[in-house]
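Chemist: test case, fold it:
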Amino acid sequence: MARGHQKAQSQARNLEKQAALKKSQSQLNSAAAGLKFSCAVCKAQMPDPKTYRQHFENKHPKVELPDDIKNVVA
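Modeler: This is a model prediction of the structure:
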């Protein structure tokens, strides 16, 4: 078996690669979970209502504020 050692090394590298991929996906999922507000006009995502209001006032000045952020203090 000339390839026995090579096969074991390849499997070990593959396991490390799969673990790294799984870890990076969990980071993406946790980052996406923090973005709770979505702009009604351009669908950009924001983490909190204050940022959402600032975005809306700066990027969409001609459009009326949505009801959910009218009472948020900027």
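Chemist: shaky segments in this structure?
Modeler: In the predicted model, the chain carries pLDDT under 70 at residues 1-2, 24-28, 31, 74.
Chemist: outline the domain layout of it.
Modeler: Listed domain ranges for the chain are 1-33, 35-74 (source: automatic domain parsing).
Chemist: show me what counts as buried in the longest one.
Modeler: Going back to what we said before, that points to domain 35-74. Within domain 35-74, the residues that count as buried by 16 or more other CB atoms under 10 Å are 37, 39, 46, 49, 51-53, 55-56, 69. C-beta here means a position set from N, CA and C on the backbone, and glycine is covered the same way.
Chemist: would you point out the most distant pair within the residues you listed?
Modeler: Within these, Cys39 and Pro49 form the most distant pair, 11.8 Å apart (CB to CB).
Chemist: show me the helices in this protein, by range?
Modeler: Ranges of helices in the chain, per DSSP state H, are 4-33, 49-59.
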